[in-house]
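**Student:** dropping the sequence and predicted coords here.
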Amino acid sequence: MNFEPGDKAMLTDRKGRRYLLTLRTGALFHFHRGIVPHDLIIGQPDGSLVTSTGSEVMTVFRPTYADYVLKMPRGAQVIYPKDVAIMLMQADVYPGARVLEAGLGSGATTMALLRAVGPEGEVIAYEQREDFASRALTNIEEFLGKVENLQVRMGSIYEPIEPTEVDRVSLDLPEPWRALPQVAESLRPGGIMVCFLPTILQVQRLTEELQADTRWTSVWSQETLTRTWHIDGQSVRPDHRMVAHTGFLTFARITVKE
Ligand SMILES: C[S@@+](CC[C@H](N)C(=O)[O-])C[C@H]1O[C@@H](n2cnc3c(N)ncnc32)[C@H](O)[C@@H]1O
């Protein structure tokens, strides 16, 4: 489908710099290499080329999930796409699954969960800050459009929660061990939990709490280092820069409750 007013478009210049636009009839995109009228993009197909008034030839694509998440306005820090990718696969988030999430943050993880569970699934997300929840809902709607299968519950997941049965749990908050009683109550036998944590001391504390409760099994942690390569003629080597640390993922599976 060709670009229409209101669509998101990702412009990339020859140096790989990326610009995320929301297309509006008559609007102009200004940057250091001139101007690109939005009307040059509206009506064109995904993957088009446009030339700015400063003669910069740019590609125009619909943003991927990763493009959007790294450019969207943030309230809370998002989980990077490289970590979200592993979370979805290792926690086996499947079409039709019901997922309990906390906290909603900027909505980045929620969007990935919503795409993985599809229209038959559901995401129930806890968040304690109104401003973050409102930012997240705007981000989600801007990327996915109106979603019917997201329930946002305002409040702390460290406190007793409304009874809920879910297949998967995704936690990204500072003290996930404080949510374990609520999670263990909600997660169906065989269900999988994944927690994102930035420091190894948090991972150790969480792991000890999981090991102390015999209902939890298959507890393991991992981190994901992504090293990109520079390939240009005879110069073939790893890039000089990388995102060296984002966080750790801890997974656990729950057995039948006694
Ligand atoms: C790092 S952010 C989550 C970011 C989110 N995963 C994303 O990718 O956009 C952590 C969020 O957890 C929320 N939070 C912290 N403690 C919480 C609690 N006890 N219950 C619910 N939400 C909580 C914070 O307000 C914040 O929005």
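**Tutor:** Here it is on my side, so go on.
**Student:** OK, contacts around the residue nearest to residue 171 when sequence neighbours are not counted?
**Tutor:** Spatial nearest neighbour of residue 171, excluding adjacent residues (Cβ to Cβ, 6 or more residues apart in numbering): residue 195 at 4.4 Å. To be clear about C-beta, it is placed using only N, CA and C from the backbone, and glycine gets the same treatment. Neighbour list for residue 195: 170-172, 176, 206, 249-250 [criterion: Cβ atoms under 8 Å, 6 or more residues apart in numbering].
**Student:** farthest pair in the residues you listed?
**Tutor:** Farthest apart among the contacts of residue 195 by Cβ to Cβ are 170 and 206. That separation is 13.8 Å.
**Student:** the more surrounded of those two?
**Tutor:** Counting neighbours by other Cβ atoms under 10 Å for residue 170 and for residue 206 shows that residue 170 has the greater number, 26 against 23.
**Student:** specify the beta-bridge partners of the more buried one.
**Tutor:** For residue 170, the beta-bridge partners are residue 101, residue 194 (DSSP bridges).
**Student:** thought it was touching residue 98?
**Tutor:** No. Applying Cβ atoms under 8 Å, one finds residue 170 not in contact with residue 98, separated by 11.7 Å.
**Student:** residue 122 contacts residue 95, doesn't it?
**Tutor:** No. Using Cβ under 8 Å as the test, residue 122 is too far from residue 95 to be in contact (11.6 Å).
**Student:** between these two, which one's more packed in?
**Tutor:** Taking other Cβ under 10 Å, residue 122 and residue 95 do not tie; residue 122 has more neighbours (20 against 11).
**Student:** if I look at that one, how far off is the ligand?
**Tutor:** As for residue 122, its distance to the ligand is 17 Å (criterion: Cβ to the nearest ligand atom, to the nearest Å).
**Student:** okay, the residue nearest to residue 171 and the ligand: tell me how far apart.
**Tutor:** Taken as Cβ to the nearest ligand atom, the span from residue 195 to the ligand is 11 Å.
**Student:** do residue 25 as well
**Tutor:** When distance is defined by Cβ to the nearest ligand atom, residue 25 is 31 Å away from the ligand.
**Student:** local confidence estimate at that residue?
**Tutor:** Per-residue confidence (pLDDT) for residue 25: 98.
**Student:** dump the residue contacts of the closest residue to it other than its chain neighbours.
**Tutor:** Once flanking residues are discounted, residue 25 sits nearest to residue 5: 5.1 Å by Cβ to Cβ, 6+ apart. Going by Cβ under 8 Å, 6+ apart, residue 5 touches 23-25, 38, 42.
**Student:** any chance of the residues you listed in JSON lines, with neighbour count and secondary structure too?
**Tutor:** Below are the contacts of residue 5 laid out as JSON lines (neighbours: other Cβ atoms under 10 Å; DSSP: H, G, I helix; E, B strand; the rest coil):
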{"residue": "23", "neighbour count": "19", "secondary structure": "coil"}
{"residue": "24", "neighbour count": "13", "secondary structure": "coil"}
{"residue": "25", "neighbour count": "11", "secondary structure": "coil"}
{"residue": "38", "neighbour count": "20", "secondary structure": "helix"}
{"residue": "42", "neighbour count": "19", "secondary structure": "coil"}
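**Student:** out of those residues, the closest to the ligand would be?
**Tutor:** Within these, the smallest distance to the ligand is 24.8 Å, found for residue 23 (Cβ to the nearest ligand atom).
**Student:** distance of residue 72 from residue 107?
**Tutor:** Applying Cβ to Cβ, to the nearest Å, the value for residue 72 to residue 107 is 8 Å.
**Student:** and residue 178, by the same measure?
**Tutor:** From residue 178 to residue 107 the distance is 23 Å (Cβ to Cβ).
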